[in-house]
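Novice: Okay, here's the prediction I keep looking at, along with the sequence it came from:
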Amino acid sequence: NATNDVTAFGTGVFGERKRFEAQAFDGMFRLFDETRGDGVVTFDNTTGTNLDVVSINKMFTDGSAVDAHANAQITYDYYQDTFGRNSVDDNGQILISAVHVGDNWNNASWNGRQMSYGDGDGIRFHPLAAGLDVAAHEMTHGVIQHTANLIYRNESGALNESFADIFGVMVDRDDWLIGEAIMADGTIGLRSMEDPTDLIERRTQAPYPDHWSRRYTGTLDNGGVHINSSINNKAAYLVSEGGEHFDVTVNGVGREKTEQIYYRALTLYLTRSSDFSMMREAAIQAAGDLYGSNSDAVAAVEQAYDAVGVY
Ligand SMILES: CCCCC[C@H](S)C(=O)N[C@@H](Cc1ccccc1)C(=O)N[C@@H](C)C(=O)O
Ligand SMILES: [Zn+2]
């Protein structure tokens, strides 16, 4: 009930001070925010009993817990404010984050019910909860699950991963890089939507693809879901920012129209087995619905998918 809501404080993984909604109970404080949907809750996986992260005062000192909690709130607010969506299911489903999952785990995930963050090994990644785009990536998998529910393999899986990245960079809005805040290996990020080929993909030891002709066709990574996602990522970047790519000129329409186009395509037109070609059609349809069939937005989408070789 409202009487338990408190404003609490904490320091994130990199020492930045944060302020966020939490809850008081029995003289303690816990990372349970009941002001957003049915709640935003963060717990320390090492306690093993799903105990909320608690503090004897309003100052939380677990950096991963502070960042995961604050980032979940930011991402909840993004979906509410931008699309009127109330959490992953549009029905206020509680947003659960577990931190310190695994043993120096170099990953984060959405398991159908909650977000989980590894601490990273300090060589490849810093604690992944520190990345706002990581939280937005994982929560977006929850949105996908309740909408197109794209099968997590081959092209539909690459779209699944691409949508997670697209909304990752729309929430963490200052660049077109994924993971830039948490890389421990000196690279500029894990993936770049602006120029995927700037970065080498670990499994293939090849640059991420920025054109359909360069797609990965092997079986690693569920058929390259984290590899071929870069083809659609590049298209989304071009829809927004424009540019010249493989002799195709794209006139971008900006982030605000791009996020609306992709959200509408995801929620209205894509299905579990949608492939890249269906992605192109869904985005054209969504852009036409929103801005008119002869709009700059429709032209930008057509040009962008031409530029990455998807027809
Ligand atoms: C259970 C195994 C993990 C499933 C894949 C999750 S959804 C995923 O894609 N995680 C992101 C984490 C991330 C997000 C943004 C920035 C950095 C890292 C991811 O991209 N993981 C990479 C490392 C991968 O699994 O290849
Ligand atoms: Zn993912």
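Specialist: Yes, it's here. Ligands and ions are numbered 1, 2, ... in the order given.

Novice: what is the rounded mean pLDDT of stretch 262-274?
Specialist: Mean pLDDT, stretch 262-274: 98.

Novice: Now do that stretch: distance from first to last residue.
Specialist: This stretch, stretch 262-274, spans 14 Å end to end (C-alpha to C-alpha, to the nearest Å).

Novice: near ligand 1, which residues of the stretch 101-250 of the chain show up?
Specialist: Contact residues (C-beta under 6 Å from any ligand atom) of the stretch 101-250 of the chain with ligand 1: 107-110, 128, 131, 133-134, 137, 141, 161, 178-179, 190, 226. In this view, the C-beta of every residue, glycine as well, is placed from N, C-alpha and C.

Novice: Next step: those residues restricted to strands.
Specialist: Among these, the subset assigned to strands under DSSP state E consists of 108-110, 178.

Novice: Output the biggest helix by length in the chain as CSV, nothing but the C-alphas.
Specialist: In terms of residue count, the longest helix belonging to the chain (DSSP state H) is helix 63-83. Extracted in CSV, the C-alpha atoms of helix 63-83 (Å, rounded to 0.1, in the frame of the first residue of the first chain):
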residue,chain,number,x,y,z
GLY,A,63,26.0,-1.7,-7.2
SER,A,64,24.4,-4.3,-9.5
ALA,A,65,21.2,-4.3,-7.6
VAL,A,66,21.0,-0.5,-7.6
ASP,A,67,21.7,-0.4,-11.4
ALA,A,68,19.3,-3.2,-12.3
HIS,A,69,16.5,-1.7,-10.2
ALA,A,70,17.0,1.8,-11.6
ASN,A,71,17.4,0.6,-15.2
ALA,A,72,14.2,-1.5,-14.9
GLN,A,73,12.3,1.5,-13.8
ILE,A,74,13.7,3.6,-16.7
THR,A,75,12.8,0.9,-19.2
TYR,A,76,9.3,0.5,-17.7
ASP,A,77,8.8,4.2,-18.0
TYR,A,78,10.1,4.2,-21.6
TYR,A,79,7.4,1.7,-22.7
GLN,A,80,4.7,3.5,-20.7
ASP,A,81,5.6,7.0,-21.9
THR,A,82,6.5,6.1,-25.6
PHE,A,83,3.8,3.5,-26.4
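
Novice: How about it and ligand 1, touching?
Specialist: No. Taking C-beta under 6 Å from any ligand atom as the criterion, helix 63-83 and ligand 1 are apart, separated by no less than 11.4 Å.

Novice: That helix packs against which elements?
Specialist: Judged by 3 or more C-beta pairs under 8 Å, 6 or more residues apart in numbering; DSSP states H and E, helix 63-83 is in contact with strand 5-11, strand 17-25, strand 40-44, strand 95-99, strand 115-117, helix 132-145, helix 154-171, helix 255-264.

Novice: circling back to that earlier point, what's the PyMOL syntax to select whichever of the ones in strands among the residues of the stretch 101-250 of the chain next to ligand 1 are buried?
Specialist: Buried members of those, defined by 16 or more other C-beta atoms under 10 Å, are picked up in PyMOL with:
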select buried, resi 108+109+110+178
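
Novice: Redo the ones in strands among the residues of the stretch 101-250 of the chain next to ligand 1 as CSV? Include distance to Met279 and pLDDT.
Specialist: Shown next, in CSV, are those (distance: C-beta to C-beta, whole Å; pLDDT from 0 to 100):
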residue, distance to Met279, pLDDT
Ala108, 24, 99
Ser109, 23, 98
Trp110, 21, 98
Ile178, 18, 98
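
Novice: from the ones in strands among the residues of the stretch 101-250 of the chain next to ligand 1, which is closest to His146?
Specialist: Using C-beta to C-beta, Trp110 comes nearest to His146 of these, at 11.4 Å.

Novice: what's the closest non-adjacent residue to the closest one?
Specialist: His141 (3.7 Å; C-beta to C-beta, 6 or more residues apart in numbering).

Novice: What pLDDT is listed against Thr49?
Specialist: Thr49 is assigned 55 on the pLDDT scale.

Novice: Could you do Thr7 as well?
Specialist: Predicted confidence (pLDDT) for Thr7: 95.

Novice: What's the separation between it and Thr204?
Specialist: Distance, Thr7 to Thr204, by C-beta to C-beta, to the nearest Å: 47 Å.

Novice: neighbour-wise, which of those two wins?
Specialist: Between Thr7 and Thr204, Thr204 has the larger neighbour count (other C-beta atoms under 10 Å), namely 15 against 9.

Novice: Just confirm that one contacts Asn228, I think it does.
Specialist: No. With contact defined as C-beta atoms under 8 Å, Thr204 does not count as touching Asn228 (10.7 Å).

Novice: Now for these two: what residues contact both?
Specialist: Common neighbours of Thr204 and Asn228, counting by C-beta atoms under 8 Å, 6 or more residues apart in numbering, are Tyr216.

Novice: got the contact list for Val143?
Specialist: 79, 85, 88, 167, 266.

Novice: One more pass at 10 Å, please.
Specialist: Residues counted as contacts of Val143 (C-beta atoms under 10 Å, 6 or more residues apart in numbering) are 75, 79, 83, 85, 87-90, 110, 136, 163-164, 167, 263, 266-267.
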